[in-house]
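> 3D, please:
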Amino acid sequence: MHEDGIGMASTFKEEFLNLLPSVTAPQRGFFAAVDVGQLANPAAYTGLRSTPVTLSRTKRPASSAVTIITGALGAKVLRPLLDDIDTDLDVEVLPVINDYFGGNTGVTGLLTGTDISAALSNADPLRRYLLPDVCLSDSGQFLDGMSVDDLPVAVDVVPTHGHALRAALGLKS
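Numbering: from 1, shown residues only. Below is the predicted model:
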């Protein structure tokens, strides 16, 4: 039931609220169900991640103004969680419209660099931007071949689970 999205959302919520002691969800690369016969390097898109993704264009101090980049469905999970936490952080959720797939795909794992770039076109460079690693292949590319270096502002890529988001926001465990 995890991969249907409902299981993912409830597991993420429990991890973020520290109701689970560790990461419990399958740690898969994005596109677990892609037709690997169509890909030049299917290993980059499927299977377990051998190492956590920790890409970042800059090494800058944590900001009290944070924007979390996500898909439309991810925003529905994140907004209530962030509204319920007690923090001095200025945290925004930026739901990205997935025009690449016609605008009717709401999952975060199918976001492209092109769509994220469009959503960040007027981004405040003083904010810290968090991007879930589920948007990227193991080689650090979006579905459209772009990379985080191609985005208009620096982003910090964090693992896609609740504990990692808590840590990225500097929340106590």
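
> show me where the chain has helices.
Assigned helices in the chain, in chain order: 6-16, 72-83, 113-119, 162-168 (criterion: DSSP state H).

> residue contacts, the closest residue to Thr70 other than its chain neighbours?
Closest residue to Thr70 apart from its sequence neighbours, by Cβ to Cβ, 6 or more residues apart in numbering: Thr108 at 5.0 Å. Every residue, glycine included, has its C-beta placed from N, CA and C. Shown in contact with Thr108 (Cβ atoms under 8 Å, 6 or more residues apart in numbering): Thr70, Gly71, Leu73, Gly74, Pro132, Val134, Cys135, Thr160.

> ok, now which ones touch the fifth one?
Taking Cβ under 8 Å, 6+ apart as the criterion, Pro132 is in contact with Ile69, Thr70, Gly74, Thr108, Val157, Val158, Pro159, Thr160.

> quick check: which of the helices of the chain is nearest to Pro95?
The closest of the helices of the chain to Pro95 is helix 72-83. By Cβ to Cβ, the value is 3.7 Å.

> cool, thanks, signing off.
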